[in-house]
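S.K.: for reference, the sequence and a predicted model appear below.
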Amino acid sequence: MFYKIWILILLCFAFPKIIFAQEGKTTISEGPYIYLQGDQFKAKWVKNGEMRTAENLSTDFLEREFGFGLSPEIFQKTMGSVPNFDQEYENIPNFAVISDIHGQYPLMVELLKNHGIIDGNMNWAFGKAHLVINGDILGRGDMVTEVLWLAYKLAYQAEKSGGKVHFLLGNHELMVKTGDFRYLNEKYVAASKIMGINPAELYSDNSVLGNWLKKRPAIIKIDDFLITHAGISPQFLKRKLNVEKVNKVFFEEVLSPQPTASRNTKSLIRFLTGEEGPIWYRGYFIEFSVSNKNLDDILAFFESKHIVVGHTSLEAITPLFDGRVIGVDSSIKDGRGGEILIVENGVKYRGRVNGSREIL
C-alpha cells in the first residue's frame, strides 16, 4: 500500500500537466480578443474553459462583461490611426519608465499605483507626464492580456489629459508578431485551441491589440533621454539611422513584410532584428563590448545625454558608464519585485514597489 502511494506522489510531481490536465482545461479563462470584421467589432474569449463570442459590441456590454472603460469608438480611432515615426519629445519635465513586465500584471499595477501614475480605480492619474513601457509586455507570464488592455486604456486616457503612454517594441512583441511563440505562456496556446485559432491570430492585424502592437515604435527620445528596448550598438551607429528611419522600417518592412523588398532593405531588416539591433543588443552589460568613445559617439549622434534600456535583467534599476546608460529591466518578470524609473525635472529616481524612492 505504501509503495502505491509513493508511486502516485512521484507521478504527481513528474507529470503535473497530465494529472491536472482535466482541471486546467475546465478552469482556464482568457481574453477578450476583439476583431474588426467589416464595420463591426467582434469579441472572442474563454470563460471556464469554453469559448464565448459576441458581435456588434457596445460600450455597455464591454463594461459589463470585462470592466473595460473602453468603447468601440476608441477601437475604431486607434485602428484607423497612422503611426508617428518621428518619436522625439521636448520639454517633458516628468516621466516614468517601466520595462520587461512579461505579463506580471499585479506588480505592474502596484508600481503604477504607488508612484501616482494610476489611481485606485486603475485610471490615469499622471496628468501631463509621460509613461514609457520599454518593451516586453508579451512573453513568459500568464497575465499578458490584462497588461495589454490596461496599457491600451491608459494610452487613451493619458492623451485626453495632455500626457502620453509610449509602449515600445521589445523582442518578445516582435517574436509573437512574426510567428515565434517559444516564450508565449502555455495559457495562450491553450486558449487559442479552445477558440479554434492559431496563436498568431490572437494578435493579427485586424485585432485591436494586434493592430496596436504593429504600430509600436522601436526608439523614442524624451528631451536628453534616448529610450529603446535593448540598446544602440556601435555597429548601429555606422548605419547613421535616426529615430524616424528606424521606426518607419520596423512598421513598413519588419512588421509588414514586402515580397518586393530590395536587397539593401532585406539586409537592413536582418540587422535591425539581429543581435546588434535595438531590440536584441546586450553590449552595455558585457565587459569590453562598448568603449566610452563608442558611447560618446552614440550620444552625440542622437543629441542625448542618457540611453535608457531594458532587455537585460538586473536586480535593480542600474546606472552604468557614469549614468549615461540606465538599465531598467529590474526583473519584474520573476514576479517577486521590481522598480520603475522616475524622472522629475532632470532628477532620476529608482522607484520601489512600496512607493519609496532613491536618487540614482
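M.R.: Here it is on my side, so go on. Numbers count the residues shown, from 1 in each chain.
S.K.: tell me which stretches of the stretch 251-360 of the chain form helices.
M.R.: Ranges of helices within the stretch 251-360 of the chain are 263-272, 292-301, based on DSSP state H, counting those that start in this stretch.
S.K.: for the first one, packing partners?
M.R.: With contacts defined as 3 or more C-beta pairs under 8 Å, 6 or more residues apart in numbering; DSSP states H and E, helix 263-272 has these neighbours: helix 243-249. C-betas here are computed from N, CA, C, even on glycine.
S.K.: make TSV out of the helices of the stretch 251-360 of the chain and add distance to Ile197 and mean pLDDT.
M.R.: Output for the helices of the stretch 251-360 of the chain, formatted as TSV (distance: least, C-beta to C-beta, whole Å; pLDDT from 0 to 100):
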stretch	distance to Ile197	mean pLDDT
helix 263-272	27	93
helix 292-301	42	97
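S.K.: out of those helices, which is closest to Gln37?
M.R.: helix 263-272 (30.7 Å; C-beta to C-beta).
S.K.: can you give me the helices for the stretch 101-250 of the chain?
M.R.: Using DSSP H, counting those that start in this stretch, the helices found in the stretch 101-250 of the chain span residues 105-114, 144-161, 171-177, 186-195, 208-214, 234-238, 243-249.
S.K.: circling back to that earlier point, redo the helices of the stretch 251-360 of the chain as a markdown table? Include mean neighbour count.
M.R.: Converted to a markdown table, the helices of the stretch 251-360 of the chain look like this (neighbours: other C-beta atoms under 10 Å):
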| stretch | mean neighbour count |
| --- | --- |
| helix 263-272 | 14 |
| helix 292-301 | 15 |
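S.K.: save these as a markdown table, and put in distance to Met195 too.
M.R.: Listed next are those as a markdown table, based on distance: least, C-beta to C-beta, whole Å:
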| stretch | distance to Met195 |
| --- | --- |
| helix 263-272 | 31 |
| helix 292-301 | 44 |
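S.K.: can you tell me which of the ones you listed comes nearest to Ile342?
M.R.: Of all the helices of the stretch 251-360 of the chain, helix 292-301 comes closest under C-beta to C-beta, at 21.6 Å.
S.K.: that older thread, wait, which of the helices of the stretch 251-360 of the chain is closest to Gly338?
M.R.: Of all these, it is helix 292-301 that lies closest to Gly338, at 26.1 Å by C-beta to C-beta.
S.K.: next one: the closest one to chain centre, how far?
M.R.: The chain centroid and the centroid of helix 292-301 are separated by 27 Å under C-alpha atoms, centre = their mean, to the nearest Å.
S.K.: ditto for stretch 263-281
M.R.: With C-alpha atoms, centre = their mean, you get 20 Å for stretch 263-281.
S.K.: wouldn't Ala230 be in contact with Arg282 here?
M.R.: Yes: contact criterion C-beta atoms under 8 Å: Ala230 and Arg282 qualify, at 6.7 Å.
S.K.: mind saving the C-alpha coords of stretch 67-84 as CSV?
M.R.: What follows is stretch 67-84, C-alpha atoms only, in CSV (Å, rounded to 0.1, in the frame of the first residue of the first chain):
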residue,chain,number,x,y,z
GLY,A,67,-14.9,46.1,-16.8
PHE,A,68,-13.1,47.9,-19.6
GLY,A,69,-13.6,51.6,-19.6
LEU,A,70,-13.3,51.4,-23.4
SER,A,71,-15.7,51.7,-26.3
PRO,A,72,-15.9,50.6,-30.0
GLU,A,73,-15.4,54.2,-30.9
ILE,A,74,-11.9,54.2,-29.2
PHE,A,75,-11.1,50.9,-31.0
GLN,A,76,-12.1,52.5,-34.3
LYS,A,77,-9.9,55.5,-33.7
THR,A,78,-6.8,53.6,-32.8
MET,A,79,-7.1,51.1,-35.6
GLY,A,80,-7.6,53.9,-38.1
SER,A,81,-4.6,55.9,-36.8
VAL,A,82,-1.4,56.4,-38.7
PRO,A,83,1.8,55.8,-36.7
ASN,A,84,4.1,58.7,-35.9
